[in-house]
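**Student:** A structural model of the following input is requested.
(chains A and B)
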Amino acid sequence: MTDLTAGSPTVDQIRDDYTEMARRKRVYGGILLILFVAMMAAGFRTADDRNAGSFIDGWHRVLDYPAEVLSEAWEKIAEMPAHLVTFFPALVETLNIAAASTLIGAIVGTFLALMSTRGMAYWPSLIPVFRRISDVFRAVPEIVIALVLIFILGGGPVPAMIAIAIHTAGALGKLFSEVNENASLKPVEGLHSVGANWSQRMYLGVIPQVGPNYVSYALLRFEINIRASAILGFVGAGGLGYELRNAMSWGQGRYDEAAAIFVLLFVTIVIVDQISGYLRDRLTHGTEKGARA
Amino acid sequence: MSTFATDLTIDDLKTEVDRMFSRKRLVNFGLPALVLVYLSYVFFAFDVSGLAGRANWENGKTLIADSYSYKTHVTRDNRNGEVSVAIEGERKGSYPDGQAPDWVALGETTVVDLEDGHIVRFGPETVEYDIPGYGTVRATPTRAAGVQAELPTDKVPDWINMSKNRMAITTDAGRLTVTRNRSEVFRYFTGWELFWFTLDSPYYGKSFPELAGLAAQGEAGAILNDFWTNKMWRHQDVAWAIFETILMAFLGTLGAGMVALPLAFLATRNFNPLKTVRFATRRVFDFVRGVDALIWTVVLARAFGPGPLTGALAILVTDTGTFGKIFSEALENVDQKQIEGVQSTGANAPQRYRFGVIPQVTPVLLSQLLYFLESNTRSATVIGAITGGGIGLLLTQAIITQKDWEEVAYYIVLIILMVMLMDWFSGWLRRRLIQGETGPRRRTAQTGKAG
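**Tutor:** The predicted structure is shown next:
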């Protein structure tokens, strides 16, 4: 234990020590804050210098473009419903890209997650390999794969789907394996003792435990993938993004179409966010109750 | 769980269990069947079967071959007889006049050794190609009569492509094309040529120990400068581009955090009694989040032009909505007791927030900020590809040229490394800053964007 021979410190000493400590902490905090502000300021100035137009010149023009688009859309408000109908197939394509890639990504991600969890892996010695695979899948931005695949496969929804599915598989693989680590291995052992093979053990022993969490993560991913598939459309992969780029590069005269696409995208994202938020809420709370009971 | 009645007969129990099983079976087979049905619908909706026809596998082959190998062009201009040697046929990779690699012997008759007995001779009039196991092909380009070729056999093999004005021979050793205006040999090598130094640098072709020796003699600065200003691989531009991408993520994420924190207070039930303000703030968050980063990028690019600032602002605006939502949820969950405790010592309002509220939410705030910093590095790459800034721009440019696939491969590797590094860094910082963090399971917090 500590050396007590020096006698108990007086109240004054304690107070001095405390104020000393508090002051040091404040100084450190202050230095960190100054450093942080300096970094932000320097970063902002660098970004401003390397940008085509500067912030000072541009900030009051931020609303010009939306205003232009909106005013033209307002003039042609009568055509709006027709445009919404015209671009509805593109919206369906964007949603399909997101849904299919989420499904495929979730299936591959489940496989990756099972393969990289101790106690569940089919080849336990390959666990680090599968972990690295999902790390690399996760690190690749969708646009990289999409652009390369567009060069080979030509434009269209398939390159986007593959690109998003790969990234989704990596991201979900990591999240799923975290869920797996919390799952109980006892059902797996029980099934093993009655002679179940690996796929039966996984399907009957693990998936029912982790299912709700998997679905909840997959829904979250679906929200993200809708945005991603809209963005990939912008570089030539079909769907709403592609239509948006066409309408925009046309410029004035087709802004009403651009506005219709904005509206479709915005409404879709908000609706899907709301539904999936509600479902996820129910799923996670449901499991908590189930696990307690 | 539900309780079971104890007075059920065996039959009742059996029917009950049977019903349960059949329902389970329905779900167990129905769900995969649904997924299958949906995927086959997508298969037809996306016309996957027609894709095989549209796909250009030749492009894929060049892409893969080019990403790990390069070719050196030896070109003879048939109009004036000049022979030039250039890596990838680019000016930046040209050998100076009168110089050539050791497998090319310049002279009246230029001899190009493609190894394994394949030898091409550019004579004053005739081009000869010795192909082991086949014989010598002679081709004479003339102004008047196009390319006159003599083959050792009557039948033209399928690796030789002949027409009146053009002859092309593709072998394992290389490729020879002869047209009226020029004769050209490609020789393929594995690797990324000129990655360190271009041909005009005195350090080209020197081994690492030699370079280390020169560096020790005080040429380190010159060596680094030649590497840094390499015209072929543009290391300087690439480094700047990566820095710009990280800068976009950094400015966007932290800026969004700084904007969202005060606004988040307005959106909470326990700090803001005004219902209308609360409602309005929440709708602003929803709106900003719902208008996708894509649309913000497009709108902001109109005002600020392409560049890292636009990307940073697009991330900032989108994430303000997300952070506002997460932060206000965290703030609604704070423990009132600590605030009361601070208040009881006579603290005024700012002090109550500073010492009673902020310490409680800091872990959530920091961990979310760091998660988004990593995820936004990826977004910044994508946004850069749209607005034109950072490594995303370089990548799209390299892909658009459709021939610099080795550069594309290089950028992809760099992007993956950059994202993994940021992932590692943000994880490390999170563990350092937030002791006792229970692992990444916090991500469950309804972020609306993660991974």
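
**Student:** Any idea how far stretch A:92-112 is from the middle of the chain?
**Tutor:** Distance of stretch A:92-112 from its chain centroid, counting by C-alpha atoms, centre = their mean, to the nearest Å, is 13 Å.

**Student:** Also stretch A:52-61?
**Tutor:** 30 Å.

**Student:** Return the backbone torsion pair for the residue nearest the centre of chain A.
**Tutor:** Centroid-nearest residue in chain A: residue A:224, 5.0 Å away (criterion: C-alpha atoms, centre = their mean). Residue A:224 adopts backbone torsions of phi -60, psi -40, taken as degrees, to the nearest 10.

**Student:** Next: residue B:162.
**Tutor:** The phi/psi pair for residue B:162 (degrees, to the nearest 10) reads phi -120, psi 140.

**Student:** just the one 4 residues further on next, same as before
**Tutor:** With angles defined as degrees, to the nearest 10, residue B:166 shows backbone torsions of phi -150, psi 140.

**Student:** Bridge partners for it, pull those for me.
**Tutor:** When bridges are called by DSSP bridges, residue B:166 pairs up with residue B:179.

**Student:** ok, it to chain A distance?
**Tutor:** Relative to chain A, residue B:166 is positioned 26 Å away (C-beta to the nearest C-beta, to the nearest Å). Any C-beta I mention is one placed from the backbone N, CA and C, and that applies to glycine too.

**Student:** Give the full set of residues in contact with that residue.
**Tutor:** B:147, B:177, B:178, B:179 (C-beta atoms under 8 Å, 6 or more residues apart in numbering or on different chains).

**Student:** Turn those residues into CSV, columns for neighbour count and pLDDT.
**Tutor:** Shown next, in CSV, are the contacts of residue B:166 (neighbours: other C-beta atoms under 10 Å in any protein chain shown; pLDDT from 0 to 100):
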residue, neighbour count, pLDDT
B:147, 21, 75
B:177, 19, 81
B:178, 28, 81
B:179, 17, 80
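
**Student:** which stretches of the chain have low pLDDT?
**Tutor:** No chain specified, so I'll use chain A. For chain A, the stretches flagged by pLDDT under 70 are A:1-7, A:251, A:285-293.

**Student:** oops, I was thinking of chain B
**Tutor:** For chain B, the ranges with pLDDT under 70 are B:1-6, B:89, B:91-93, B:194, B:198-200, B:202-206, B:435-451.

**Student:** Show me it divided up by domain.
**Tutor:** B:1-55, B:70-190, B:235-444 (automatic domain parsing).

**Student:** for these, which one ends up most surrounded?
**Tutor:** Of the domains of chain B, the one with the most neighbours on average (mean count of other C-beta atoms under 10 Å in any protein chain shown) is domain B:235-444, at a mean of 20.

**Student:** chain center to that domain: distance?
**Tutor:** Using C-alpha atoms, centre = their mean, the offset of domain B:235-444 from its chain centre is 21 Å.

**Student:** Does residue B:111 belong to a helix, a strand or coil?
**Tutor:** strand (DSSP: H, G, I helix; E, B strand; the rest coil).

**Student:** how about the nearest residue to it, chain neighbours excluded?
**Tutor:** Distances taken as C-beta to C-beta, 6 or more residues apart in numbering or on different chains put residue B:105 closest to residue B:111, at 4.4 Å, once the chain neighbours are dropped.

**Student:** looking at it, that neighbour is touching residue B:119, isn't it?
**Tutor:** No - using C-beta atoms under 8 Å as the test, residue B:105 is too far from residue B:119 to be in contact (10.2 Å).

**Student:** between those two, what contacts are shared?
**Tutor:** Joint contacts of residue B:105 and residue B:119 (C-beta under 8 Å, 6+ apart) are B:111, B:112, B:113.

**Student:** quick one: which of the residues you listed is nearest residue A:34?
**Tutor:** The shortest approach to residue A:34 among the shared contacts of residue B:105 and residue B:119 belongs to residue B:112, at 64.3 Å (C-beta to C-beta).

**Student:** Is the nearest residue to the closest one once chain neighbours are set aside bridged to anything, and to what?
**Tutor:** With C-beta to C-beta, 6+ apart as the criterion, residue B:112 has its nearest non-adjacent residue at 4.3 Å, and that residue is residue B:120. Beta-bridge partners for residue B:120, by DSSP bridges, are residue B:112, residue B:129.

**Student:** Tell me how far residue B:120 lies from chain A.
**Tutor:** The gap separating residue B:120 from chain A is 31 Å, by C-beta to the nearest C-beta.

**Student:** Next, the contact list for that residue, please.
**Tutor:** B:74, B:111, B:112, B:114, B:127, B:128, B:129, B:130, B:174, B:176, B:185.

**Student:** quick one: residue B:305 and residue A:48 touch, right?
**Tutor:** No - with contact defined as C-beta under 8 Å, residue B:305 does not reach residue A:48; the gap is 11.3 Å.
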